[in-house]
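Engineer: sequence? don't have it. structure:
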Ligand SMILES: NC(=O)c1ccc[n+]([C@@H]2O[C@H](COP(=O)([O-])OP(=O)(O)OC[C@H]3O[C@@H](n4cnc5c(N)ncnc54)[C@H](OP(=O)(O)O)[C@@H]3O)[C@@H](O)[C@H]2O)c1
């Protein structure tokens with residue numbers, strides 16, 4: 001089986017993992033910022049699952065010559081970094097290439113279209129737990145599956161075979177809203193809540209004070225998803241708390257972002273729930289509260305750890 005060439009954009013947690021694993025089966029290029037590309041000259045180290053040293057060519061944008069024809073482009077920066085990334089990608093994207101947006105969150109295709117209209121974007125949601133530790137190590141605590149929707153059916157079938165070959169089970173989901181909501185239910189239930197409590201994921205499931213709040217957040221979010229026409233199943237809802245148990249000791253990305261003084265992805269998580277609920281006339285008071293509190297902490301930097 002010959003797989004498509006792969007270009008991975010963004011050398012963080014998801015990007016280094018995918019680039020390392022894809023490099024074992026196909027031609028792979030990792031594109032980083034100019035300032036950081038050089039650090040990967042000796043390779044990427046994965047710790048935990050798939051442990052090893054992976055030698056992957058890595059370049060900064062100023063060194064990109066020409067992306068391979070018909071390549072798969074895995075776009076892995078955070079959502080609020082899409083503007084910069086896609087303005088760079090615009091100079092290299094050609095018809096026939098299949099770009100795949102790998103961010104968590106709601107409304108990511110619309111966000112990408114703002115900065116680079118034209119591609120038939122595919123959407124992929126990583127059910128992974130990966131933490132990048134500079135300069136070159138990714139700690140891989142869990143790789144459950146990659147759920148996908150949209151894009152060109154032939155290119156995405158090839159992408160699914162590639163993912164299976166690198167040990168990432170691919171799952172096709174009928175449409176982009178469904179694939180986004182299935183993971184967003186988890187993120188909007190646990191990220192903001194556990195970040196505010198400075199608690200690991202498991203507390204959202206097992207702590208007697210946090211669990212009722214998590215259930216309320218989940219019920220409000222599921223009501224918005226259903227009002228949008230997404231078929232939220234009991235299994236989707238149960239998966240939120242199962243996931244909290246499986247990743248009980250993990251600290252979610254919103255908490256890590258607040259501690260690091262970085263922007264959070266809140267506008268595409270609880271913020272997106274509030275915005276959609278307002279449009280649809282659904283009541284989501286818990287999401288409004290979580291969103292405002294996280295935004296306050298982000299703006300003031302008061303959770304930043306030095
Ligand atoms: N980590 C996980 O386990 C996980 C699981 C599922 C989904 N996700 C989602 O995946 C997305 C990425 O998360 P992540 O944890 O991989 O984030 P991350 O570790 O911060 O990685 C993003 C990478 O993109 C780079 N980048 C930003 N702007 C760039 C540009 N203009 N050119 C080149 N590179 C650029 C960043 O560089 P700088 O650091 O220099 O800005 C960083 O290395 C998020 O939407 C997240 O919600 C993550």
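Structural biologist: It's in. Just so we're clear, the structure is a prediction, and the values are computed from it rather than from any experiment.

Engineer: quick one, grab the pLDDT at residue 69.
Structural biologist: Note for residue 69: predicted pLDDT of 96.

Engineer: do residue 199 as well
Structural biologist: pLDDT, residue 199: 98.

Engineer: ditto for residue 144
Structural biologist: 94.

Engineer: you'd agree it is in a helix?
Structural biologist: No: with DSSP: H, G, I helix; E, B strand; the rest coil as the criterion, residue 144 is assigned strand and is not in a helix.

Engineer: buried stuff in the helix or strand hosting residue 216?
Structural biologist: Using DSSP states H and E, residue 216 sits in helix 210-227. Buried residues in helix 210-227, counted by 16 or more other Cβ atoms under 10 Å: 210-211, 213-218, 220-225. Bear in mind the C-beta positions are built from the backbone N, C-alpha and C, glycine included.

Engineer: so which helix or strand takes in residue 74?
Structural biologist: Following DSSP H and E, one finds residue 74 within strand 72-75.

Engineer: so what touches that strand?
Structural biologist: In this structure, residues lying in contact with strand 72-75 by Cβ atoms under 8 Å, 6 or more residues apart in numbering are 4-10, 15, 18, 22, 67, 82, 85-86, 89, 93, 97-103, 112, 124, 155, 158-159, 162.

Engineer: likewise stretch 81-90?
Structural biologist: By Cβ under 8 Å, 6+ apart, the list of residues contacting stretch 81-90 from outside reads 9-10, 61, 73, 75, 77, 99, 103, 108, 111-112, 114-116.

Engineer: at 7 Å what do you get?
Structural biologist: For stretch 81-90, the external contacting residues (Cβ atoms under 7 Å, 6 or more residues apart in numbering) are 9-10, 61, 75, 77, 111-112, 115-116.

Engineer: now swap in stretch 92-112 and tell me
Structural biologist: With Cβ under 7 Å, 6+ apart as the test, stretch 92-112 has contacts from 14, 64, 67, 69-76, 78-79, 82, 86, 116, 119, 121-126, 151-152, 155-156, 159, 176, 180, 183-184, 187, 265, 268-269, 272.

Engineer: again with stretch 52-71
Structural biologist: So stretch 52-71 is contacted by 4-7, 11, 19-20, 23, 27-34, 37, 40, 43-46, 88, 92, 96-97 (Cβ under 7 Å, 6+ apart).

Engineer: tell me the strands beside the strand holding residue 74, with direction?
Structural biologist: strand 6-9 (parallel), strand 98-101 (parallel) (DSSP bridges).

Engineer: looking at those, which is closest to residue 199?
Structural biologist: For the strands paired with strand 72-75, the distance to residue 199 is smallest for strand 98-101, at 29.5 Å, taking Cβ to Cβ.
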